[in-house]
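Student: next come a sequence and a model predicted from it.
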Amino acid sequence: MAALSVAMLILVCVGCAATHPLKDGGPRSVEIRLSPDLSGDVAALAAATSLHTAFQEVCGIEAALVTNASGGSPGAILIESGGAGTDGLGSDGFVLSGDDSGLVVRSAQILGAIYGTYELERLVRLRDYAPFQPISKKTIPAFRYRIGSVFDDPRDVPYLTEFSDPAVVLKLGYNGMIVERAIAEVVTLDEYDPDLYPEGSFQRKKALERRDYVRHRIEKAKSRHLSVFIQGDMITVPRSACDKYGDDILTDGEISMDKPKTMELMQAIMDEALRLFPQVDGVVVRTGENTAYATGYLRGVNPFARKDGRSEPNDKEEAEKRARLVEELADVIVARHHKIYIQRTWGYYVTWHTVPERYLDATDLVSPRPGLFFSMKHPETDYWRYNRINPTIGIGKHPQMVEFECAREYEGKGAFPLYCGRLFAEGGTEIEPYGGVRYIYDKGVNGVWAWLSGAGLDGPYRKREEWLELNAYALSRLLWNPDADPYRIARDWCRLTFDIELDSPILDRFESICRKSEEAVLKTRYCKALTELGKPYQTPPVKYMYGWAPAGGWFRDATFSTKNLRGIYKFLAKEGGRDTVEAAVREKEEARQVYQSLMDDFDAILKLVGPSADWTELHVTAEYGSYWVEIATRYFVGIVRYDQWLSSGKSDESARAAAIDNLLEWQEAWSAYNDTIPALPGAPSMCRSDGMVELCLKAIFDLQEHSPKVSD
């Protein structure tokens, strides 16, 4: 792999064995010394304490933590920021340098010292370092901005997740957090128009409650030295403003950005939010969707929505509107408040998010400003597989950020094993063009923000977050070093999380689970035969929509539905013929085989670890996934065979037999899933049917009605 120009990773380490060398000899104590500028810092103290604990647990030695240390001493570990040898490290970089006389964690700024301390702890827990072995390691992250987000949708219950904790986000290696719904939701517009949020009103009560919540989250994140970004949908205004101003902001009853009063109100909302929270570092704006209606006191609009969802590239009027909106927001965010402004390009169907011409048409009209970024999702459309890398990455004259999703909303949201490290590193190699973290780095992208949890709606809701932790850890490691091996990352995570020895056979089994989880989900949820036809499968087909909902929308979040499933057989048969149909069916059989092999790996791990509540509950998540694979594949094949039988005029007996076999297997799996999973420890919330059960039972009845009659 090509060497990173920005990340020098040099590590000299002796005695890296499964049993830590200090268990068998060497110094029996170590002193951890924090320089004065770090000693009163809650985040630096937490990192030093974590290192202190690692020395005790892993090395079996006593560790003393000394604050306000004026310098190093023989046999000590000094953690300091600033001073000599820190040129070029930036805010996050660090140097680990030491020998048998001691070690120094050196950085230019406090944040770098914290990352360096956590890295030293990681090496200790991996048995890659012990006092006082020689070490020389200089690390500068490849990406300047590494932002974590928990998507907090007002239409859903709040996500209870560890990723809302800034301490967790910081230790993972991210340097920023996004606080959702923190713009229009928190203002009262008292200076702009006191009539909009009168004393005692519902909207004022809700806004002040949200304001307190957001302020608390910002303060916690800033105490951990994280950059903080507030996010909101534009255009969003109070319902009371629509009632009072009427046609001054509305056209045909809808909020219109073509009305000067609307834009004035939007700027007032943004200005007040930034005055309320002067400590924030930036703002993230979404215009492609708007869920403000769910708050009960706001109204919102996607100002660029088309009723049919289909419009051709190079729409001059739309490009000018997008540019005007960005410029007016930038006047407030960047020019007036000197904050970072991240404008998301996300939108449905044919937009500047997906089509390079439309992206350039709009962004070329926007004047570059320091701190102005445009942000797009990693795939061309939404977070599906069989989706090309977003073609707008790396084009245009503005800095960009790219968004990755750790809780894949179309693939179970971390309810069961799904390792995304390879996907993050390389991209979806099942379709070209593809690319991952290294690709976007080479394209000049300097910022990534990760959807660590959340996204989508209505579950599944997890009780265990290890699969998301693994994905969040993998993405962060890749953002520091895009050339890191994603499977080495997974093995390291397993060792760190469960204290697994380097030579344990558990690691091979765990890596196998990671590899197979991606393959099984890909073969279960998608349909390679559809994409190989080279035509978008849509109802109806839409030009420029390639990659939107590949294989249809018959599963997402926690719901099995009938959406687009009924047309798959006819599409495959018409466009590809019988061989294409058979290939689609075989893929689902392969998915079950791969997942059964994954379960064999998990069963083997349980035998190796012995009694363990954590591993037992993780096994439950894998069992949950086993049912998901069985239900999804049997459902898919059963309905495809059923439609094949119907298309033959109910004369194809082999299709009828295959349909009934698969649908009866589906029925058994669905029943067992609902009877078994809810009682298991650590099980996520249940998937549900939206038309699936009715369709399958109807098909079973129809197929059995036409079973061959046996003569007496």
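Tutor: Cool, the structure landed.

Student: quick check: domain ranges of the protein?
Tutor: 21-139, 145-492, 510-705 (automatic domain parsing).

Student: show me how far the shortest one is from its chain's centre.
Tutor: In this case it means domain 21-139. Here domain 21-139 shows a centroid-to-chain-centroid distance of 31 Å under the convention CA atoms, centre = their mean, to the nearest Å.

Student: likewise the longest one?
Tutor: Using CA atoms, centre = their mean, the distance from the centre of domain 145-492 to the centre of the chain it belongs to is 12 Å.

Student: what mean pLDDT does that domain get?
Tutor: The predicted model gives domain 145-492 an average pLDDT of 94.

Student: biggest helix in the protein by residues?
Tutor: The helix that spans the most residues within the chain, counting by DSSP state H, is helix 613-647.

Student: following that helix, which helix or strand comes up?
Tutor: Moving toward the C-terminus from helix 613-647, the next helix or strand (DSSP states H and E) is helix 653-676.

Student: so that following helix versus helix 613-647, what angle?
Tutor: Put simply, helix 653-676 runs at 150 degrees to helix 613-647, going by axes from the mean of the first three to the mean of the last three CA atoms, to 10 degrees.

Student: returning to what we had before: any buried residues in the longest helix of the chain, and which?
Tutor: By 16 or more other CB atoms under 10 Å, the buried positions in helix 613-647 come out as 615, 617-646. In this view, the C-beta of every residue, glycine as well, is placed from N, C-alpha and C.

Student: do stretch 690-698 as well
Tutor: Neighbour counts using 16+ other CB under 10 Å place 692, 695-696 of stretch 690-698 among the buried residues.

Student: do stretch 50-69 as well
Tutor: With burial defined by 16+ other CB under 10 Å, the residues of stretch 50-69 counted as buried are 50-52, 54-55, 58-59, 61, 63, 69.

Student: just the ones in strands from the residues you listed, please.
Tutor: Secondary structure of these is defined by DSSP state E; positions in strands are A63.

Student: the buried residues of stretch 50-69: which two are farthest apart?
Tutor: Taking CB to CB, the two most distant members of those are V58 and A69; they sit 23.1 Å apart.

Student: ok, P505 touching K607?
Tutor: No. The pair formed by P505 and K607 falls short of the contact definition of CB atoms under 8 Å, at 10.3 Å.

Student: who touches the nearest residue to P278 once chain neighbours are set aside in this structure?
Tutor: Nearest non-adjacent residue to P278, counting by CB to CB, 6 or more residues apart in numbering: H337, 7.9 Å away. In this structure, H337 makes contact with 271, 274, 278, judged by CB atoms under 8 Å, 6 or more residues apart in numbering.

Student: check those residues for burial and list the buried ones.
Tutor: Neighbour counting with 16+ other CB under 10 Å marks 271, 274 as buried within the contacts of H337.

Student: distance to L468 added to the contacts of H337, as TSV?
Tutor: Shown next, in TSV, are the contacts of H337 (distance: CB to CB, whole Å):
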residue	distance to L468
D271	36
L274	31
P278	32
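
Student: and of the contacts of H337, the nearest to P399?
Tutor: Of all the contacts of H337, the one with the least separation from P399 (CB to CB) is L274, at 20.5 Å.

Student: so what's S107 bridging to?
Tutor: In this structure, S107 bridges to S81 when assessed by DSSP bridges.

Student: contact partners for it?
Tutor: With contacts taken as CB under 8 Å, 6+ apart, S107 has the following neighbours: 80-82, 86, 89, 93-95, 113, 115-116.

Student: inside helices: which ones of these?
Tutor: Taking DSSP H, the ones among those that sit in helices are 113, 115-116.

Student: neighbour-wise, which one of these leads?
Tutor: The member of the ones in helices among the contacts of S107 that has the most neighbours, counting by other CB atoms under 10 Å, is A113 with 29 neighbours.

Student: run a quick neighbour tally on V581.
Tutor: By the measure other CB under 10 Å, the count of residues near V581 is 21.

Student: A362 too?
Tutor: Under the neighbour criterion other CB under 10 Å, A362 is assigned a count of 27.

Student: any idea which helix or strand carries it?
Tutor: Assigned by DSSP H and E, A362 belongs to helix 356-363.

Student: so how far is V334 from V187?
Tutor: For V187, the distance to V334 equals 19 Å [CB to CB, to the nearest Å].

Student: so which of those two has more stuff around it?
Tutor: Shown here are V187 and V334; by other CB under 10 Å, V187 has more neighbours (23 against 19).

Student: looking at this, that one is in a helix?
Tutor: No. The assignment for V187 by DSSP: H, G, I helix; E, B strand; the rest coil gives coil, which leaves it out of any helix.

Student: that one and I269 touch, don't they?
Tutor: Yes. Between V187 and I269 there is a contact at 5.3 Å, judged by CB under 8 Å.

Student: any idea how far apart the tips of stretch 136-155 sit?
Tutor: For stretch 136-155, the separation between the terminal residues is 50 Å (CA to CA, to the nearest Å).

Student: grab the nearest non-local neighbour of E272.
Tutor: Using CB to CB, 6+ apart, the nearest residue to E272 is V187, at 4.4 Å.

Student: contact partners for the one you found?
Tutor: V187 sits next to 207, 269, 272-273, 276 when contact means CB under 8 Å, 6+ apart.

Student: which of the residues you listed sits closest to E405?
Tutor: Distance from E405 was checked for each of the contacts of V187 by CB to CB. The minimum falls on A273, at 26.0 Å.

Student: so that closest one, which state does it fall into?
Tutor: helix.

Student: return the residues in contact with it.
Tutor: Taking CB under 8 Å, 6+ apart as the definition of contact, the neighbours of A273 are 182-184, 186-187, 230, 232, 283.

Student: 10 Å - rerun?
Tutor: Residues counted as contacts of A273 (CB atoms under 10 Å, 6 or more residues apart in numbering) are 182-187, 211, 214, 230, 232, 280, 283, 332-333, 337.

Student: ok, the residue nearest to it when sequence neighbours are not counted - how many residues close by?
Tutor: Closest residue in space to A273, ignoring its immediate chain neighbours: I183 at 4.6 Å, by CB to CB, 6+ apart. By other CB under 10 Å, 26 other residues sit near I183.

Student: now I183: phi and psi?
Tutor: With angles defined as degrees, to the nearest 10, I183 sits at phi -120, psi -90.

Student: how near is it to Q400?
Tutor: For I183, the distance to Q400 - CB to CB - is 22 Å.
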